[in-house]
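S.K.: Need coordinates for the below:
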Amino acid sequence: MDENANTGDWPASPLMEDAQAALAWLAQQFPQVGASVDGDETDFSPVADACREIDELLDYQGRFAAGMDDRTKGAHLIAFYGHHLSLAAGGIFLRSGLVPDLDPSSLAIRFEPYSRKNGAEVFPSDLRRLHFRFRDFRKGPDNAALFHDGFIANLAPVIETVRAHTGLSSVAQWRLAADGIAGAFLEIGAASAQEEQAMAWALAIVNTEGSPLKSGALRYQNIAAIVDGVPVERVFRLRSGCCLYYRTDGGTFCDVCVLLDEETQKSRLRAHLEGAGG
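M.R.: Just a heads-up that it's a prediction; the model follows:
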């Protein structure tokens with residue numbers, strides 16, 4: 001058995017069957033995140049408890065750039081955590097219509113090694129991922145509100161811990177968390193040929209009135225280019241927060257960085273699209 005497979009035991013029910021199908025799809029499409037249901041709790045800890053051992057996660061962020069200060073590590077960690085959680089929970093939600101219970105006292109996580117293969121491409125042997133162990137799933141009249149409230153409850157202790165360890169403000173972290181939802185939902189939508197629906201759900205969640213996720217900067221942008229004489233288009237997520245990569249040794253601004261003006265973002269994304277061949 002693949003030690004990185006998403007496994008677990010669950011009661012036989014239509015809801016759990018839908019969750020199982022979504023988890024199987026997620027494992028195939030996004031192996032960089034682990035997701036499973038309540039079962040063997042070996043080495044898993046509730047999110048609320050795992051926050052006490054955040055140093056390992058912060059140290060891991062140093063692999064992405066040289067010369068990271070504490071705030072930059074904090075920014076990368078929230079981006080990393082928010083993206084992984086959004087892929088796992090969002091994958092289940094968008095594929096099954098079920099909203100996972102994200103309460104930090106019940107959702108368990110494990111930071112684990114995993115192997116990754118992509119044709120001839122070679123990945124580092126020390127790659128690690130977050131594995132989320134879900135206990136329950138819900139459906140309601142307002143699933144966007146259910147997802148939003150669970151996500152906020154889950155991130156709150158993580159953000160406070162990162163703030164205490166690195167000095168990165170809560171406002172900056174919530175913006176990066178919102179970016180995680182918008183980016184992950186776009187990826188899930190693209191992988192399942194439901195981009196428009198996925199983006200609509202993401203915007204409904206992050207633009208909840210009074211939410212710390214809400215800002216005027218986060219949006220999606222369609223970019224058109226000509227590649228080898230053929231018109232191509234692609235949707236990009238434009239960030240509301242900054243990962244601070246530009247502060248690392250040799251670092252620059254990301255193409256979707258909130259610190260760039262709109263025309264510079266579009267120009268750089270168009271060049272990226274042309275260089276990637278569409």
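
S.K.: What separation do you get for residue 60 and residue 93?
M.R.: 27 Å (C-beta to C-beta, to the nearest Å). Every residue, glycine included, has its C-beta placed from N, CA and C.

S.K.: ok, these two, which is more surrounded?
M.R.: residue 93 (24 against 17; other C-beta atoms under 10 Å).

S.K.: Could I get the average pLDDT for stretch 125-138?
M.R.: For stretch 125-138, mean pLDDT is 91.

S.K.: Flag every buried residue along it.
M.R.: 128, 129, 130, 131, 132, 133, 134, 136, 137 (16 or more other C-beta atoms under 10 Å).

S.K.: ok, residue 135 touching residue 106?
M.R.: Yes - between residue 135 and residue 106 there is a contact at 5.0 Å, judged by C-beta atoms under 8 Å.

S.K.: so where do the helices sit in the protein?
M.R.: All helices of the chain, identified by DSSP state H, fall at 14-29, 47-50, 55-60, 70-96, 143-166, 170-191, 195-206, 262-275.

S.K.: name the helices or strands packed onto the last one?
M.R.: Right, helix 262-275. strand 219-227, strand 230-238 (3 or more C-beta pairs under 8 Å, 6 or more residues apart in numbering; DSSP states H and E).

S.K.: tell me which residues in that helix are buried?
M.R.: Under the neighbour-count criterion of 16+ other C-beta under 10 Å, helix 262-275 has 265, 266, 268, 269, 270, 273 buried.

S.K.: likewise the fifth one?
M.R.: Neighbour counts using 16+ other C-beta under 10 Å place 143-144, 146-159, 161-163, 165-166 of helix 143-166 among the buried residues.

S.K.: Which one among the buried residues of helix 262-275 sits at the bottom for pLDDT?
M.R.: Comparing the buried residues of helix 262-275 by pLDDT, residue 273 comes last, at 90.

S.K.: That residue - nearest residue in space that isn't next to it in sequence?
M.R.: residue 225 (4.4 Å; C-beta to C-beta, 6 or more residues apart in numbering).
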